[in-house]
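1. A predicted structure for the sequence below; I have some questions about it.
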Protein chains: 2
Amino acid sequence: MKIESVDFFYLSMPEVLDIGDGSQDALLVRIRAGGYEGWGECEASPLTSIASYVCPMSHSACKPLRYSVEGKPVNEPADIEKISKLVHTNSPDLLQTDHTLSGIDIALWDLLGKYKGEPVFSLLGTSMVYPKLPYASQLFGDTPEQTFAKATHTRLAGFKAVKFGWGPFGKLGLDNDIAHINAAREGMGKDAYLMIDAGTVFVEDWNVAKERLQALKDANVYWFEEPFINGALEPYKKLSEAFPQVPLAGGEGCNNFVQAKAMLDYAGLGFIQIDAGRAGGITIAQRIAEAAAARKITYVNHTFTSHLALSASLQAYAGMEHDVISEYPVELKPLAAEIATEKILPDENGFIHVPNAPGLGITVDTTAIKKYLVDAEIKVNGQVYYQTPEL
Amino acid sequence: MKIESVDFFYLSMPEVLDIGDGSQDALLVRIRAGGYEGWGECEASPLTSIASYVCPMSHSACKPLRYSVEGKPVNEPADIEKISKLVHTNSPDLLQTDHTLSGIDIALWDLLGKYKGEPVFSLLGTSMVYPKLPYASQLFGDTPEQTFAKATHTRLAGFKAVKFGWGPFGKLGLDNDIAHINAAREGMGKDAYLMIDAGTVFVEDWNVAKERLQALKDANVYWFEEPFINGALEPYKKLSEAFPQVPLAGGEGCNNFVQAKAMLDYAGLGFIQIDAGRAGGITIAQRIAEAAAARKITYVNHTFTSHLALSASLQAYAGMEHDVISEYPVELKPLAAEIATEKILPDENGFIHVPNAPGLGITVDTTAIKKYLVDAEIKVNGQVYYQTPEL
């Protein structure tokens, strides 16, 4: 079958707040071919990604993504890899490319899985899948008291693992950070997995980040995440060597294979966190997962949006028995919560399972999300290049 | 003074060809404050960059660039650095950010230089500037005979240095590549600087790239450029170690400081090539130039567009006496040629000089380029977010 249509849907909450919550808007991709349809989600600025798909060509290495996608055959996994390579050949100088490609690639895997009646992980060559331990991923409270309350609530909800990130961390001084770390540990109890996410707040300053390490060790955190901006190899490496007892996690900002490989090779990471909705889709996520395994660095999905995105991010490492921990969003805005008809819920032992159904195993609830649809239009020299399509 | 307006102008040739010529369209930025105006150029997809400037916020780390720019004070160089940092804090999850920031940052330096009556290099702390040897940067011919003719023409035009790139290189087999390399050397004569640019054609495959090294050495090339995609540290490193007699050049795809630093630290480069129109502007280019100097890696500007962009790219290393070679576009499309009223032309000894005039020392010829102006419009929920402004 050949790709017949590629449609982008920009969804948004009525009000978007200035907080580190990526579930406030969404960009969905629907690809149709041969009577089937696949869905993907870009973890990206919707309007900018749409522009990168439809824009006029600038030169041979700066083509709109549509050039490499529309009309192309999709019958086998190799066809999706071919499209991924073609996009990288045709659009390397268009910076937004990989965020847009991500949703397209995910939708193509979903489409192919439905066409073949197989789950995506099976198309990827995974015969045996393993349960993952979800960690309740959430923002810090504004105060240590609020963080304690959130941690207590998470423990009572049955989660054995939690991550707190962003919010005030790194912005109000060392003592405040330590108070939040300790509040999180006290609320979750001593046996839970506890992860702390600095949300890149220390930029490249490894000396300031280092001041937190003793408190992180005392609180027995499982990892310390994104102290620095993506790709800041030297500060990561220095921090990892200064205090190896606190493993570092990072990588959610990687938007292609070579960036992730640089982090695996030179950042001293214990954990690499990959968002299939940013890194170039499931095709690239799987390549990164294999490179991580070869270096004995634990692969973790990055997901802070819908269960469609969650399913996509689980596929690449569903068969990796020892990479057991998984990011699980627990503070989704209604928009993100309503995208997926089927939910990926913890079982009685607290574990989640990659959907065992064709494609991603998630149906997009087009009726529920209609109310979030943003009407966007892009015109160039009087001609309509994009107009929000029918959902 | 405070930033009063930031306007984007998308220019395009009537027809854009599927060739590696980045001068076929352009995105200019005009910033006004206190009765002055500054101009910059983004080496980027115009429509996508415009969308990244005006799009609605997605979350705290994915804001449109306008959020960090409009109304901000610009009185000192530190104010521009502050805006650059603010953009990186507010928009790290918006992938297009750095390409858009580049033109804004360049326009801010031009504006500040005009306000203070000083060249940009002087604002950057450079007291002594040095001439640069321009290399005639051009595409390979379709055949070795055409490459020979282009090289001969370039020699007769007085250039002592030349670079051929893209076109058929790497696509038609080893023998064809060798024929092009030899044709270039024969046409330029044995004493000229000759550089070969693979245009990332070998992606990550260092074994295939390696097959060209003996011929490159035999032709006494000054560098072998971009055999691989940006950030492919391991293939670069392996190739550099396999045959150190042929120095590698790369970096034009870097779109921030840490990416360039990774290339400086781990790619085995002899030359780092930075486009101020992509890397985040002059602010970031200067930081990269200093990091390169500290590692004794030669800094070279990347410029394949207008003389406005050329001036911007020269500023960061104008004071580096030993980094003497400079990319100089010689195949500009009329659009790119007409942007700058003043041209940066080789002197009687064949050297070029960074303009010694306030700002970038280049006046944008708004009358001449009007005919290339693209009319673009972006609407969200019925509201106009962008409309091509008056030039």
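-> All right, it came through fine. Numbers count the residues shown, from 1 in each chain, chains lettered A, B, ... in the order given.
2. the residue nearest to A:Pro235 when sequence neighbours are not counted and chain B, how far apart?
-> Of all residues not flanking A:Pro235 in the chain, A:Trp206 sits nearest, at 3.9 Å (Cβ to Cβ, 6 or more residues apart in numbering or on different chains). C-betas here are computed from N, CA, C, even on glycine. Distance of A:Trp206 to chain B, computed by Cβ to the nearest Cβ, to the nearest Å: 13 Å.
3. how far away is A:Trp206 from B:Arg32?
-> Distance, A:Trp206 to B:Arg32, by Cβ to Cβ, to the nearest Å: 40 Å.
4. looking at those two, which is more packed in?
-> Higher neighbour count among A:Trp206 and B:Arg32: A:Trp206, with 20 against 16, using other Cβ atoms under 10 Å in any protein chain shown.
5. right, and that one touches A:Pro227 too?
-> Yes. The pair A:Trp206 / A:Pro227 is scored as a contact, 7.5 Å apart, by Cβ atoms under 8 Å.
6. so does the longest helix along chain A get close to chain B?
-> The helix spanning the most residues in chain A, taking DSSP state H as the definition, is helix A:97-116. Yes. Helix A:97-116 lies within reach of chain B by Cβ under 8 Å from any Cβ of the partner chain, at A:97-99.
7. show me how chain A divides into domains.
-> A:5-121+A:365-387, A:123-339 (automatic domain parsing).
8. surely A:Asp375 meets B:Gly382?
-> Yes. Judged on Cβ under 8 Å, A:Asp375 makes contact with B:Gly382 at a distance of 6.7 Å.
9. next, the contact list for A:Ile288, please.
-> Applying Cβ atoms under 8 Å, 6 or more residues apart in numbering or on different chains, we find A:Ile288 in contact with A:254, A:257, A:260-261, A:264, A:272, A:274, A:279, A:299, A:316.
10. next up, phi/psi of the spatially most central residue of chain A, please.
-> Geometric centre of chain A, nearest residue: A:Asp275, 2.7 Å, by Cα atoms, centre = their mean. Backbone torsions for A:Asp275, taken as degrees, to the nearest 10, come to phi -100, psi 110.
11. could you find the closest non-adjacent residue to it?
-> Nearest residue to A:Asp275, sequence neighbours excluded (Cβ to Cβ, 6+ apart): A:His302, at 3.9 Å.
12. please apply the same query to A:Phe9.
-> Nearest residue to A:Phe9 in three dimensions, chain neighbours excluded: A:Leu28, at 4.4 Å (Cβ to Cβ, 6+ apart).
13. again, but for A:Gly38
-> A:Leu111 (2.8 Å).
14. residues in contact with the one you found?
-> A:31-33, A:36-38, A:74, A:359.
15. do A:Ser91 as well
-> A:52, A:61-65, A:67-68, A:97.
16. filter those to the buried ones?
-> A:52, A:61-65, A:68, A:97 (16 or more other Cβ atoms under 10 Å in any protein chain shown).
17. export the domains of chain A to TSV and tack on mean pLDDT?
-> Output for the domains of chain A, formatted as TSV (pLDDT from 0 to 100):
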stretch	mean pLDDT
domain A:5-121+A:365-387	98
domain A:123-339	97
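18. among the buried ones among the contacts of A:Ser91, which are located in strands?
-> Judged by DSSP state E, strands contain none of the buried ones among the contacts of A:Ser91.
19. just the ones of these in helices?
-> A:52, A:97.
20. quick one: neighbours of the nearest residue to A:Leu391 once chain neighbours are set aside, just the number.
-> Sequence neighbours aside, A:Thr366 is the residue nearest to A:Leu391 in space, at 5.1 Å (criterion: Cβ to Cβ, 6+ apart). Using other Cβ under 10 Å, A:Thr366 has 16 neighbouring residues.
21. and if you look at A:Pro389?
-> 12.
22. and what of A:Glu390?
-> The burial count for A:Glu390: 7, using other Cβ under 10 Å.
23. for it, list the residues it contacts.
-> So A:Glu390 contacts nothing (Cβ under 8 Å, 6+ apart).
24. any idea how far A:Arg30 is from it?
-> A:Glu390 is 10 Å from A:Arg30, where distance means Cβ to Cβ.
25. equivalent analysis for A:Ile325, please.
-> 31 Å.
26. re the thing from before, so the residue nearest to A:Phe9 sits in a strand?
-> Yes. Counting by DSSP: H, G, I helix; E, B strand; the rest coil, A:Leu28 is found in a strand.
27. beta partners for it?
-> Beta-bridge partners for A:Leu28, by DSSP bridges, are A:Phe9, A:Glu41.
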